[in-house]
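*Asks:* Sequence and predicted structure are below.
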Amino acid sequence: MSAAPDVATVVSEPSQRELRRNIWNMVWPVAAENVLHFLIGFVNTAMVGRLGAATILAVGLSGRVGMFVWIIFNAIGTGTTVLIAQAVGAGDPRRVRRVAQQGLLLAISLIGVVGAAVFFFAPSLLLAFKATPEALPLGVAYLRILVFSMPFQVLFIVTAAILRGSGNTRVPMQIAVVTNVVNVALNSVLIFGRFGLPALGFRGPAISTIVGQAVGATIAIRYLLSERSGVNMGLQGFFSFDFSLIKKVLSIGIPSSAEMAFWQLASVILFRLINGFGTAAGAAYQLGLQAEGISYMPTAGFAIAATALVGRSLGARNPGLAERYIREIVRWGIVLTTVTTAILVFGPRVLMRLLTDDAAVITLGAQYLLIMGISQIPQQISGTLSGSLRGAGDTVTPMISAGFGIWVCRIPLSFFLSSRFGLAGVWWAINIDQFARMIIVGWRYLGGKWKTSVGEGLQGEAPGA
């Protein structure tokens, strides 16, 4: 694995060229990791897509349940990333180590309870999405196997958050490459039955996910505990809870997770609404979301870079540098999103044909991609500015923007417009949501109040505390 940057280095004022290099050094590994996730997910979905609409829906809804688990641990990951980034900017390696220890300890403490709840309540969780009778038994079986991948996934999520906060986005990307290669290779074998093994159908992807995540988590933890990580975490003091620090991690992370929870709760309502149009409609939405990743996955790294670089700049008491980073990240995000959006707008049916051969699903999914092309740039701007505010310790504004966009725009308008224009009305409601979020976070950013923040995790503390 690549060597990590020195987490004790205090941020200095870079030239414009150095500033761009700092951005791209953080962005390209995350972008590569996300593109890889998209491509592997695309291939896996295409394999599952040959098993029928009911299987597509069952696997998709199980993934949605899994996202609720991710929300819980995203609170830990986000808070850990922000506090580590600010500690790096302040030149405090002892605090970097302590934040990393507490984030990982908290995640390990929670995963057993969460995983058990998903296993035992799998039928009820899927019914919350109004799973169709054809998809429900498949989904329950799939989800109960998938539960065993969750501990490994959580370990990787928090470890990656620690490394990204310290400025190391390359190693998480490298681990993701290994994880996903293992996943897709096993999928090909287990779904269809190769090399003398039986064809496991929809159960194949769940088993592949367990193996892939286990490999990734093992590599991630070994690297984090090594000197190469630059975090110097170690096990000394690891098993003692620091409730004051945990409170700070969660005070930053919970609003960010609430933002995601808004989306996931809304997805329950949306899936119930869309599934009411039939199994083909639900399958089209699931595949449409997968195909849409070709636009936003490459640019997701900009938001992560914004969080880390703004956090480091403000930790070093340099708001002017933070503002320079944000302007440059937004500019490049728009350029890249313009290119990727063209793929959705000009080739929606081509993308859908790669995922399924069901004619009805292709038609509905292509309509989704064409309409969603309109909101890709607002979504990118909103994501980058939200990441910037999180780096300043403001996770409340992104939460408010998500809450307003979803509960005032997306959900009410989905019911209203779909009653008049069918499924297309839902797609248009999602577009309006994205524009509303951009306006709210843009207003907060332009107000400039975030520039006076030095991060909740550093206020009132002496270095090395």
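*Replies:* Nice, I can see it.
*Asks:* list the contacts for the residue nearest to residue 341 when sequence neighbours are not counted?
*Replies:* The shortest distance from residue 341 to any non-neighbouring residue, by Cβ to Cβ, 6 or more residues apart in numbering, is to residue 376 (4.3 Å). C-beta: built from backbone N, CA, C; applies to glycine. Contacts for residue 376 (Cβ atoms under 8 Å, 6 or more residues apart in numbering) come out as 295, 296, 337, 340, 341, 344.
*Asks:* Just give me the neighbour total for the third one.
*Replies:* As a burial measure, residue 337 scores 22 neighbours (other Cβ atoms under 10 Å).
*Asks:* where in the protein is pLDDT low?
*Replies:* For the chain, applying pLDDT under 70 flags the ranges 1-12, 36-53, 130-132, 192-193, 195-202, 234-237, 296-299, 453-465.
*Asks:* now the strands for it?
*Replies:* Assigned strands in the chain: none (criterion: DSSP state E).
*Asks:* can you tell me how far the residue nearest to residue 20 when sequence neighbours are not counted sits from residue 321?
*Replies:* When the adjacent residues along the chain are set aside, residue 20 lies closest to residue 328, with 6.3 Å between them (Cβ to Cβ, 6+ apart). To residue 321, residue 328 is 11 Å away according to Cβ to Cβ, to the nearest Å.
*Asks:* circling back: would you quantify the distance from the residue nearest to residue 341 to residue 402?
*Replies:* In terms of Cβ to Cβ, residue 376 sits 17 Å off from residue 402.
*Asks:* mind listing what's buried in stretch 268-282?
*Replies:* For stretch 268-282, burial by neighbour count (16 or more other Cβ atoms under 10 Å) applies to 268, 269, 270, 271, 273, 274, 275, 277, 279, 280, 281, 282.
*Asks:* gap between the two ends of it?
*Replies:* 12 Å (Cα to Cα, to the nearest Å).
*Asks:* give me the number of residues near the nearest residue to residue 208 once chain neighbours are set aside?
*Replies:* Nearest non-adjacent residue to residue 208, counting by Cβ to Cβ, 6+ apart: residue 186, 3.8 Å away. Residue crowding around residue 186 was assessed by other Cβ under 10 Å; the count is 19.
*Asks:* Residue 186 contacts residue 210, correct?
*Replies:* No. Using Cβ atoms under 8 Å, residue 186 makes no contact with residue 210, being 9.4 Å away.
*Asks:* Got phi/psi on residue 135?
*Replies:* phi -90, psi -30 (degrees, to the nearest 10).
*Asks:* gap between it and residue 119?
*Replies:* Residue 135 is 19 Å from residue 119, by Cβ to Cβ.
*Asks:* Look at those two and report which has more neighbours.
*Replies:* For residue 135 versus residue 119, neighbours defined as other Cβ under 10 Å are more numerous around residue 135 (28 against 15).
*Asks:* residue contacts, that one?
*Replies:* By Cβ under 8 Å, 6+ apart, the neighbours of residue 135 are 54, 55, 57, 58, 61, 126, 279, 282.
*Asks:* Identify, from those residues, the entry nearest to residue 253.
*Replies:* Nearest to residue 253 among these, counting by Cβ to Cβ, is residue 61 at 26.2 Å.
*Asks:* Surely the closest one is in contact with residue 140?
*Replies:* No. Using Cβ under 8 Å, residue 61 is not in contact with residue 140; the gap is 10.1 Å.
*Asks:* Mutual contacts of these two, please.
*Replies:* Joint contacts of residue 61 and residue 140 (Cβ under 8 Å, 6+ apart) are residue 126.
*Asks:* ok, those two, which is more surrounded?
*Replies:* residue 61 (30 against 18).
*Asks:* Now that one. Nearest residue, chain neighbours left out?
*Replies:* Excluding its sequence neighbours, the residue lying closest to residue 61 (Cβ to Cβ, 6+ apart) is residue 129, at 4.9 Å.
*Asks:* Quickly note the distance from residue 30 to residue 366.
*Replies:* For residue 30, the distance to residue 366 - Cβ to Cβ - is 29 Å.
*Asks:* State the number of residues packed around residue 389.
*Replies:* 25.
*Asks:* For the closest residue to it other than its chain neighbours, give its distance to residue 450.
*Replies:* Of all residues not flanking residue 389 in the chain, residue 397 sits nearest, at 5.3 Å (Cβ to Cβ, 6+ apart). Using Cβ to Cβ, residue 397 is found at 8 Å from residue 450.
*Asks:* shared neighbours, those two?
*Replies:* With Cβ under 8 Å, 6+ apart, residue 397 and residue 450 have common neighbours 389, 444.
*Asks:* quick one, helices of the stretch 51-200 of the chain?
*Replies:* 53-89, 93-120, 122-127, 136-146, 150-165, 170-192 (DSSP state H, counting those that start in this stretch).
*Asks:* Which one, of these, ends up nearest to residue 228?
*Replies:* Among those, the nearest to residue 228 by Cβ to Cβ is helix 170-192 (8.6 Å).
*Asks:* what angle separates that closest one from helix 150-165?
*Replies:* For helix 170-192 against helix 150-165, the angle between stretch directions is 150 degrees (axes from the mean of the first three to the mean of the last three Cα atoms, to 10 degrees).
*Asks:* CA atoms only: put helix 170-192 into PDB for me.
*Replies:* This file holds the C-alpha atoms of helix 170-192, laid out as PDB (Å, rounded to 0.1, in the frame of the first residue of the first chain):
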ATOM      1  CA  ARG A 170      -5.200   6.400  -1.800                       C
ATOM      2  CA  VAL A 171      -5.100   3.400   0.500                       C
ATOM      3  CA  PRO A 172      -8.900   3.200   0.800                       C
ATOM      4  CA  MET A 173      -9.000   3.200  -3.000                       C
ATOM      5  CA  GLN A 174      -6.500   0.400  -3.200                       C
ATOM      6  CA  ILE A 175      -8.300  -1.700  -0.700                       C
ATOM      7  CA  ALA A 176     -11.600  -1.100  -2.500                       C
ATOM      8  CA  VAL A 177     -10.000  -2.400  -5.700                       C
ATOM      9  CA  VAL A 178      -9.100  -5.700  -4.000                       C
ATOM     10  CA  THR A 179     -12.500  -6.000  -2.300                       C
ATOM     11  CA  ASN A 180     -14.500  -5.400  -5.600                       C
ATOM     12  CA  VAL A 181     -12.300  -7.600  -7.700                       C
ATOM     13  CA  VAL A 182     -12.900 -10.500  -5.300                       C
ATOM     14  CA  ASN A 183     -16.600  -9.600  -5.300                       C
ATOM     15  CA  VAL A 184     -17.200  -9.600  -9.000                       C
ATOM     16  CA  ALA A 185     -15.000 -12.700  -9.600                       C
ATOM     17  CA  LEU A 186     -17.000 -14.700  -7.100                       C
ATOM     18  CA  ASN A 187     -20.300 -13.400  -8.400                       C
ATOM     19  CA  SER A 188     -19.500 -14.700 -11.900                       C
ATOM     20  CA  VAL A 189     -18.800 -18.100 -10.300                       C
ATOM     21  CA  LEU A 190     -21.600 -18.300  -7.700                       C
ATOM     22  CA  ILE A 191     -24.500 -16.800  -9.600                       C
ATOM     23  CA  PHE A 192     -24.300 -19.000 -12.700                       C
END
